Structures are given as structure tokens and as C-alpha cells.
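[1] Predicted model, plus sequence, below.
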Amino acid sequence: MEEGRQAFNRGEFFEAHEFWEEVWNEIDDPDRTWVQGLIQIATGLHKLASGRPDVCLTLLQKALAKLTEVPLVLDGFATRALRDDAARLYHAVARREAVVATTIKLARG
């Protein structure tokens, strides 16, 4: 999870997705669902950085649905703050505002 967080915060969203997917394959619900939400945020931001805001919106919508009841902190990370940042970004992209994917960070909780 930490390697994924570091990659995510460097803007290496695809790599973050890969690290978190390794964890996702090993855990059970509800943590599994929440980690999948993190993976979808990372993938959505990767798509946004690649010029695909339409795909970003779809992935963020799926992620936000999975993270509705995410705890404040998951595995030492401020997951609820990330969810809230992703929701703000989702609305900005939906309004077609210019946004930069790397403005979102995953802090230690």
C-alpha cells in the first residue's frame, strides 16, 4: 500500500494502480472494495492525464460509489480525504473545468 501511495503522490497513477492491485488480490471485503475504489481513482487520474476526461468520470463515479462508507483512515492512509478530493475533482471535470490530476494526494492518516 505504501509503494502505491508514493507512486500516486508522484503522479504515477498507473504504477499506483499496479501496487494496489497486488494488495487487492490478497484481501477480503470490506477492505477489498475500498482498495478497489483507490485503484479506480488512480486509474481515473491516469486517464485524465492521458486526455480522456470521459473515462476519468466513469472511473471516479465507480470509485466514489465504492468509497461511500470508507473509514477516515485505512491502512494508515487518509482515505476519506482522498475520497472527498476525488469527488471535488469529479465535479470539476464534469463541469469541463481545467484540472490537473496531480493535485490530488494521498496523505498518511
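    Okay, I see it.
[2] CA only for contacts and neighbour counts going forward, please
    Fine.
[3] Distance of the residue nearest the centre of the chain relative to Leu64?
    Centroid-nearest residue in the chain: Ile41, 2.6 Å away (criterion: C-alpha atoms, centre = their mean). As defined by C-alpha to C-alpha, to the nearest Å, Ile41 lies at a distance of 8 Å from Leu64.
[4] Next, show the common contact partners of these two.
    Ala86 (C-alpha atoms under 8 Å, 6 or more residues apart in numbering).
[5] Grab the longest helix from the protein for me.
    helix 31-49 (DSSP state H).
[6] Next, the buried residues of the following helix or strand past that helix.
    Next along the chain after helix 31-49, taking DSSP states H and E as the criterion, comes helix 53-66. Neighbour-count burial for helix 53-66, with 16 or more other C-alpha atoms under 10 Å as criterion, is recorded at 53, 55-57, 59-64, 66.
[7] could you check the angle helix 31-49 makes with helix 53-66?
    160 degrees (axes from the mean of the first three to the mean of the last three C-alpha atoms, to 10 degrees).
[8] Give the next helix or strand downstream of helix 53-66.
    In N-to-C order, the element after helix 53-66 by DSSP H and E is helix 79-94.
[9] what angle do that following helix and helix 31-49 make?
    Using the same axes, to 10 degrees, helix 79-94 lies at 30 degrees relative to helix 31-49.
[10] For Thr43, grab the count of nearby residues.
    For Thr43, the count of nearby residues is 24 (other C-alpha atoms under 10 Å).
[11] List the contacts of it.
    Neighbours of Thr43 in contact, by C-alpha under 8 Å, 6+ apart: 13-14, 17, 56, 59.
[12] ok, so what distance separates the residue lying closest to Thr102 once chain neighbours are set aside from Ala42?
    Nearest non-adjacent residue to Thr102, counting by C-alpha to C-alpha, 6 or more residues apart in numbering: Gly11, 5.2 Å away. Computed as C-alpha to C-alpha, the Gly11 to Ala42 distance reads 9 Å.
[13] Now the terminal residues of stretch 8-16, how far apart.
    5 Å.
[14] Report the mean confidence score over that stretch.
    Averaged over stretch 8-16, pLDDT sits at 98.
[15] can you check stretch 56-76 too?
    96.
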